[in-house]
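>>> Kindly return the folded structure for what I paste below:
(chains A and B)
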Amino acid sequence: MTTGNNAGPPSNRTFLGMPQPADPLRWGPSFPDAARRELGNDQLRRNLGHATSTIRAKRAKVVGEVPDWEALRDAGSALKAQVMDRLPELLEELERNVTARGGVVHWARDAAEANRIVAGLVQEAGTDEVVKVKSMATQEIGLNEALEAEGIHATETDLAELIVQLADDMPSHILVPAIHRNRAEIREIFLDNMGDAPPDLTDVPRELAMAARAHLRRKFLSAKVAVSGANFAVAETGTLSVVESEGNGRMCLTLPETLITVMGIEKLIPRFTDLEVFLQLLPRSSTGERMNPYTSMWTGVTPGDGPSEFHLVLLDNGRTRVLADEVGRSALHCIRCSACLNVCPVYERVGGHAYGSVYPGPIGAILTPQLTGESSDLPYASTLCGACYEVCPVKIDIPSILVDLRAREVESGSAGRGWGAAMKTASTMMSDGGRFRRAARLGRAGRILGGRGGVISRLPGPGAAWTASRDLPLPPKRTFRDWWAAHEREKTGERAGDDRPRPGDGAEPR
Amino acid sequence: MTTARDEILGRVRAALATGTAGPAAASSTGTPAGSTTTSTVPREYRESGEHGAGSAHVLDLLVDRLEDYKAQVHRVSAAEVSATLRRLAATLSDRDHVPERVESTGSGAVPRPDTAERASGAPGVVVVPAGLAAEWVTAMSDGGVDVVVDPPGAPLTPSDLDRAAGVVTAARVAVAETGTIVLDSGADQGRRAISLVPDVHICVVRADQVVQTVPEAVRRLAHHPDRPLTWISGPSATSDIELNRVEGVHGPRTLQVVLVG
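Model prediction:
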């Protein structure tokens, strides 16, 4: 990795971004194919390894400071379960309170409807430019592309989103969308695409941040309309909240005349004081800080302070489908901290783009297939090691949901890739002692396929499906059954010359 | 015609009617299924700290946390506040204190006549909310600082604020454990924009406003939940480049905390 001063003329190197997909929840090749491609990218793996190990250490330190962390997790988990149970009444309560305070509430069944609503509101405000606060909901519905089609330009103001937007790339992480870029790459992207980047820009992170500050300040001061997401919405009071670091959120939420917030219907919390739980869980889990630099809360419109118009767009877009699943619905408890991505051994190696969704990593592997309702191989993008559950601030049991989704893939017959046939063969073989013995012996022949390191990396024939994504350990020189038979004979004074047990000699392990 | 609202609420009700029927939800997610959860949110976490608001321990902790996130802290007695503000505000007149400025020429951002000359002609102006303690304002003015009050009903424009060197506000509550200061737009704190756009934020926090834990602060704020709230923990920062924290992006790059008592 390049460090320190690296000033010089911009290179001609072009950073190939992930092209904008038609559907932000379903793009690119299958996970196994995408993973194979990404694993070949050494730079990506170095960038991810560095970033995720940094954040893991920071999170562990600040979580360790909190004596009642587990109690907070329990409260957060129970609160979110309560929200799901009471969702209809809480949504109506939120709508009532936002409206009473001068806000306007809109409802969107799907992405297209949400995009139409936002585009219409921007046009009503008489502008063709909006500034945006980083938001997963607007990523999920492809808002920027939909606005562009209506002649409206949306400027991402979060630093990482800006990097992704300037590189015409897709985000690869929920919290840090440009986590796949290192400082040298970011410098190149700024020099090539920002337009007003200082020519002597170095790759020192502070300088890069200052370039973004200068680039965006004029836009903030003159913007008429801002679009944001929301981290929490309090049903009891109609209060919306955005948790951020840079101050770009405060700029967007405060300076323009019109604010449009797009929020998934699951982002509710019942009472204002419930914020005391989530404002402790979220920052420590996500950026590994005791508290993020800025959190804004607003309730409708406040005369003389901030936007004079506030619109809240409540988005379904598959969430009610997730809610209908009694096992999978807890995926809706997610507060988008991204701790599960940072601890996942699979994510750390393949990166976010391999998941083909704006929601990557363990939470994406359970959320994406449920939101789309379509067959997916994402539930297999996990080793089921359980690290994601350990760090989840609202205790979503991601491994159990993954197993449940896998079972459903198998039941629906869409697991594919010879999985069903392989399982049937295994079942036939293992249900009969004689068959298993013969198969185990046959396995020894597999030793001739072995490469260096004692593994088989490619099986011939139908077995190729298994080794396409795994190495197979070499079968042992001697099976356990053979060893046991010989051992028993030695004990009874027999010579171990013939290791073939006689039928009915009692040498079968019990 | 079915509205989107009716349809979504209908889908939610249908989803819950089918979803809570089975026992699987309870066993596999670790949370009880059904409406029983309504009354069973466990609140075993600390609802308050072991140290009282404004106690020596809590103040020391706040200072430690603020400095850890690169805020500058000045501990003073009540009698020293005016002089401290005068001294800190005076340093803002020095242009070197503000590393770089972006000239604003956006339309609709033309300063109004009564502030234009001062705001644009004197980069050292310090903005204050209308309700800031009069003695502090007087002390700064007497010390040669060009103080501009953000007048209610005729507020400074974003460009005015962008040209200001800094802002002085009071606060509503502070959380020691997280190094957080919360503004609730009270008269001595002003509207949100004035503590956002200027590059230096000088914030006066009284000892009795400092609580140990987040729940204590939220419960104080719950008296007026509808006020616009800004939680501030250090100067603006980003972790977007290789997940390393860099202080100073769009919000004030310098946060000075005057802790009283």
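>>> quick one, strands of the stretch 151-261 of chain B?
With DSSP state E, counting those that start in this stretch as the criterion, the stretch 151-261 of chain B has strands at B:166-169, B:173-175, B:180-183, B:200-206, B:210-211, B:229-232, B:237-241, B:244-247, B:254-260.
>>> Looking at these, which is nearest to A:Q139?
strand B:237-241 (15.4 Å; C-beta to C-beta). No exception for glycine: its C-beta is placed from N, CA and C like everyone else's.
>>> Would you single out the least confident of the strands of the stretch 151-261 of chain B?
Among these, strand B:244-247 carries the lowest mean pLDDT, a mean of 82.
>>> Please parse chain B into its domains.
B:4-39, B:56-260 (automatic domain parsing).
>>> Name the stretch among the ones you listed that sits most buried.
With neighbours defined as mean count of other C-beta atoms under 10 Å in any protein chain shown, these peak in mean count at domain B:56-260, which reaches a mean of 20.
>>> end to end, how far does that domain reach?
12 Å (C-alpha to C-alpha, to the nearest Å).
>>> Please apply the same query to stretch A:126-145.
Stretch A:126-145 end-to-end distance (C-alpha to C-alpha) = 19 Å.
>>> re the thing from before, I'd like the strands of the stretch 151-261 of chain B written out as TSV, with distance to A:M18 added.
As requested, the strands of the stretch 151-261 of chain B are arranged in TSV below (distance: least, C-beta to C-beta, whole Å):
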stretch	distance to A:M18
strand B:166-169	41
strand B:173-175	40
strand B:180-183	37
strand B:200-206	38
strand B:210-211	46
strand B:229-232	34
strand B:237-241	18
strand B:244-247	24
strand B:254-260	37
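>>> and A:R206, which of those strands is closest to it?
Here strand B:244-247 is closest among those (C-beta to C-beta), at 5.1 Å.
>>> Can you tell me what sits against that closest one?
Here strand B:244-247 makes contact (C-beta atoms under 8 Å, 6 or more residues apart in numbering or on different chains) with A:54, A:205-206, A:209, A:287, A:289, B:69-70, B:234-239, B:253.
>>> Looking at those residues, which one is closest to A:E150?
Once C-beta to C-beta is applied, the member of these that ends up nearest A:E150 is B:T238, at 30.6 Å.
>>> Pretty sure the closest one sits against A:A209.
Yes. Between B:T238 and A:A209 a contact is recorded at 5.6 Å, counting by C-beta atoms under 8 Å.
>>> Overlap of the contact sets of those two?
In contact with both B:T238 and A:A209: A:L159, A:E246, B:V246, B:V249, using C-beta under 8 Å, 6+ apart.
>>> how does chain A divide into domains?
Following automatic domain parsing, one finds the domains of chain A at A:31-320, A:419-477.
>>> Can you tell me which one of the shared contacts of B:T238 and A:A209 sits lowest on pLDDT?
Ranked by pLDDT, those bottom out at B:V246, which scores 87.
>>> what bridges to it?
Beta-bridge pairing of B:V246 under DSSP bridges involves B:T238.
>>> cool, B:V204 as well?
Applying DSSP bridges, one finds that B:V204 bridges with B:V258.
>>> surely it meets B:A171?
Yes. Between B:V204 and B:A171 there is a contact under C-beta under 8 Å: 6.9 Å.
>>> The residue of chain A found nearest chain B: what's it in contact with?
The nearest approach of chain A to chain B comes at A:G247, 2.6 Å away (C-beta to the nearest C-beta). When contacts are counted by C-beta under 8 Å, 6+ apart, A:G247 touches A:P293, A:Y294, B:L196, B:S236, B:V249, B:H250, B:G251, B:P252.
>>> what does the stretch 351-500 of chain A put close to chain B?
Counting by C-beta under 8 Å from any C-beta of the partner chain, the stretch 351-500 of chain A comes close to chain B at A:K395, A:I396, A:D397, A:S400, A:I401, A:D404.
>>> Assign the second one to helix, strand or coil.
To tie it back to what came earlier, the one meant is A:I396. Put simply, A:I396 is coil when judged by DSSP: H, G, I helix; E, B strand; the rest coil.
>>> Tell me the pLDDT of it.
98.
>>> Where is the longest helix in the chain?
In the absence of a named chain, chain A is used. Among the segments of chain A that qualify as a helix by DSSP state H, the longest is helix A:42-64.
>>> switch to chain B, that's the one I care about
Chain B, longest helix under DSSP H: helix B:4-19.
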